[in-house]
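Asks: Pasted the sequence and its predicted model underneath.
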Number of protein chains: 2
Amino acid sequence: MNVASTIARARRHVRLARQNDCTVGLVPTMGALHAGHASLIETARENCVFLAVSIFVNPSQFGPNEDYENYPRPMEKDLELCRQLDVDMVFAPSANEMYPEKNLTWIQVEQLCENLCGASRPTHFRGVTTVCAKLFNIIQPDYAFFGQKDAQQSILIRKMVKDLNMPLEIVVCPTIREKDGLAISSRNKYLTPDQRKDAPLLYQSLQKAQQLIQSGQKDPDKIRREMEAVLKKSAQINIEYLEIVNPDTLEPLEILTGPALIAIAARLGQARLIDNIITNKP
Amino acid sequence: MNVASTIARARRHVRLARQNDCTVGLVPTMGALHAGHASLIETARENCVFLAVSIFVNPSQFGPNEDYENYPRPMEKDLELCRQLDVDMVFAPSANEMYPEKNLTWIQVEQLCENLCGASRPTHFRGVTTVCAKLFNIIQPDYAFFGQKDAQQSILIRKMVKDLNMPLEIVVCPTIREKDGLAISSRNKYLTPDQRKDAPLLYQSLQKAQQLIQSGQKDPDKIRREMEAVLKKSAQINIEYLEIVNPDTLEPLEILTGPALIAIAARLGQARLIDNIITNKP
């Protein structure tokens, strides 16, 4: 496995692969790799001849009071996992390699970046879309793999790729969960044991929504009230948002007649957790 | 010469060229080709094996009261010139092919898009940078060629390419002028014969600035006053701006100690004309 810390080296490895007509896949990550990332890497490994994983904690997607400094960076452990998963190249640049001078260029996906997580993190998504464009331009993959857990992120990136005619395909892979249903996330380690015990209520509220929809409930307000009742079983959970939206436009649904994205963000102590499901039919 | 009106066809032609290891060049235009474009195409022709010219009057870079509807579109004449100049492919998509659904994604180069032409055309440059990114993603050229006449545009595009790690090089070619010095532009045809007679004063004022700088003048205010005196020889010229700025940051210079971009925009009747020079040393 090659580990490239510069853009030039990463490009050289990819160019060699391209000369052999390899299909190139990219799994962009911020490191602190867990079973969710492993699942993305495994899917990518099956579908691409040359597989790159990027590990970069991107400063421009963190707000001023967010956890950029404290975000976990277990590089050796991450590299070991990538080796085990038969990754061909890890691209792990420094912040200075990615932003050698003051960045003035931002890619913004209007409307889609404004609600859900965008409401409390106003510059987060332009940081995400901009750094993804940079990574796509550096690696030039045929496929890039993202997790369904960050639903709004993958919807934004798909729209960016479509609007800007970027020559790659975005593959969204299912959310990986702990046995008790908690969506796996690097930020779960911020949970105290007591908070961890209550954290599965997020997914339980989503399952409740799914059951209601399957039994014919079409009123988003009623579904949300039942979900809130589930979440209120824990006094530690502070709901940031709980939305039932159109999965293409992210606009709130007034009645469920087609696919719906049901998305939650909540704080448990220091941790800000998100989770979601997409229901296909009411 | 191939003429591709769809993205899929354009990509197929480029892919064939790439398989033969051709260097790919792109000259992005809005058509109404003139000697300035011809000079870009000739430079590109000398430097690239496969040469694409795009002809697309991009709606998103026109303001609501600008000349999108009236912008000249002499397609047959343009194609004939491209044939004469030995272009390999013209990419001439419809607006619907380029924007099949509501575009939500914008690339903005902050700061650089705000002054000079950006002051009177607030959404112009995000339209330009966004459509150039689309064209770069469709054609995937090794080199793209732009004219020095649109100085701010080429500075913005270079910064975008650098900030986003786009895998191509921007080549900026000199401004082509009529014998009397008027910078050649598709918008010169909006000039009445009387206005056309006065239009060379723009370049004369730039030459005046150059002379002053060569004789040691370092004070931008003094240079601007002398330039204004030249322009005021015509009562028909309405100056929109006349700026002496750092050619990298576009910030106004307080004293000339290094390279300077001297840029003018002025209205003559229906026509809005721009011109500029870069002086290397005071």
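Replies: That came in fine, so what should we check first? Numbering: from 1, shown residues only, chains lettered A, B, ... in the order given.
Asks: Please enumerate the helices of chain A.
Replies: A:7-19, A:35-47, A:75-84, A:95-98, A:117-120, A:124-139, A:151-163, A:193-198, A:201-214, A:220-231 (DSSP state H).
Asks: How about the contacts made by residue A:85?
Replies: Counting by C-beta atoms under 8 Å, 6 or more residues apart in numbering or on different chains, residue A:85 touches A:38, A:41-42, A:45. Where C-beta positions appear, they are placed from N, C-alpha and C, glycine not excepted.
Asks: Drop anything exposed from those.
Replies: A:38, A:41, A:45 (16 or more other C-beta atoms under 10 Å in any protein chain shown).
Asks: Quick check: the last one touching residue A:86?
Replies: Spelled out, that is residue A:45. Yes - contact criterion C-beta atoms under 8 Å: residue A:45 and residue A:86 qualify, at 5.9 Å.
Asks: between the two, what contacts are shared?
Replies: By C-beta under 8 Å, 6+ apart, the residues touching both residue A:45 and residue A:86 are residue A:51.
Asks: so what's the residue of the stretch 1-150 of chain A found nearest chain B bridging to?
Replies: Taking C-beta to the nearest C-beta, chain B has its nearest neighbour within the stretch 1-150 of chain A at residue A:105, 3.6 Å off. In this entry, residue A:105 is beta-bridged to residue B:109, by DSSP bridges.
Asks: hang on, it packs against residue B:158?
Replies: No - applying C-beta under 8 Å as the test, residue A:105 and residue B:158 come out as separate, 10.6 Å apart.
Asks: Between these two, which is the more surrounded one?
Replies: Using other C-beta atoms under 10 Å in any protein chain shown, the more surrounded residue of residue A:105 and residue B:158 is residue A:105, with 23 against 17.
Asks: Okay, the more buried one and residue B:113: tell me how far apart.
Replies: Between residue A:105 and residue B:113 the distance is 10 Å, computed by C-beta to C-beta, to the nearest Å.
Asks: Overlap of the contact sets of the two?
Replies: Common neighbours of residue A:105 and residue B:113 (C-beta under 8 Å, 6+ apart) are residue B:129.
Asks: From one end of stretch A:97-115 to the other, what's the distance?
Replies: 32 Å (C-alpha to C-alpha, to the nearest Å).
Asks: List the buried residues in that stretch.
Replies: Judged by neighbour count (16+ other C-beta under 10 Å), stretch A:97-115 contains these buried residues: A:97-99, A:103-109, A:112-113, A:115.
Asks: For it, give the mean pLDDT please.
Replies: Stretch A:97-115 shows a mean pLDDT of 97.
Asks: ok now that stretch, how far from the chain's centre?
Replies: 17 Å (C-alpha atoms, centre = their mean, to the nearest Å).
Asks: Pull out the buried residues from stretch A:185-204.
Replies: So stretch A:185-204, judged by 16+ other C-beta under 10 Å, has buried residues A:185-188, A:190-191, A:195-196, A:198-204.
Asks: can I get the CA coordinates of it in PDB?
Replies: Only the C-alpha atoms of stretch A:185-204 are listed here, as PDB (Å, rounded to 0.1, in the frame of the first residue of the first chain):
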ATOM      1  CA  SER A 185     -19.700   7.500  14.100                       C
ATOM      2  CA  SER A 186     -16.300   8.800  15.100                       C
ATOM      3  CA  ARG A 187     -18.100  11.200  17.400                       C
ATOM      4  CA  ASN A 188     -19.600   8.300  19.400                       C
ATOM      5  CA  LYS A 189     -16.400   8.300  21.500                       C
ATOM      6  CA  TYR A 190     -17.500  11.700  23.000                       C
ATOM      7  CA  LEU A 191     -20.300   9.800  24.800                       C
ATOM      8  CA  THR A 192     -20.000   9.000  28.500                       C
ATOM      9  CA  PRO A 193     -21.200   5.400  29.300                       C
ATOM     10  CA  ASP A 194     -24.400   6.800  30.600                       C
ATOM     11  CA  GLN A 195     -25.100   8.800  27.400                       C
ATOM     12  CA  ARG A 196     -24.000   5.800  25.300                       C
ATOM     13  CA  LYS A 197     -26.800   3.800  27.000                       C
ATOM     14  CA  ASP A 198     -29.500   6.300  25.800                       C
ATOM     15  CA  ALA A 199     -28.000   7.000  22.300                       C
ATOM     16  CA  PRO A 200     -29.800   4.100  20.600                       C
ATOM     17  CA  LEU A 201     -33.100   6.000  21.200                       C
ATOM     18  CA  LEU A 202     -32.300   8.000  18.000                       C
ATOM     19  CA  TYR A 203     -32.600   4.900  15.800                       C
ATOM     20  CA  GLN A 204     -35.500   3.600  17.900                       C
END
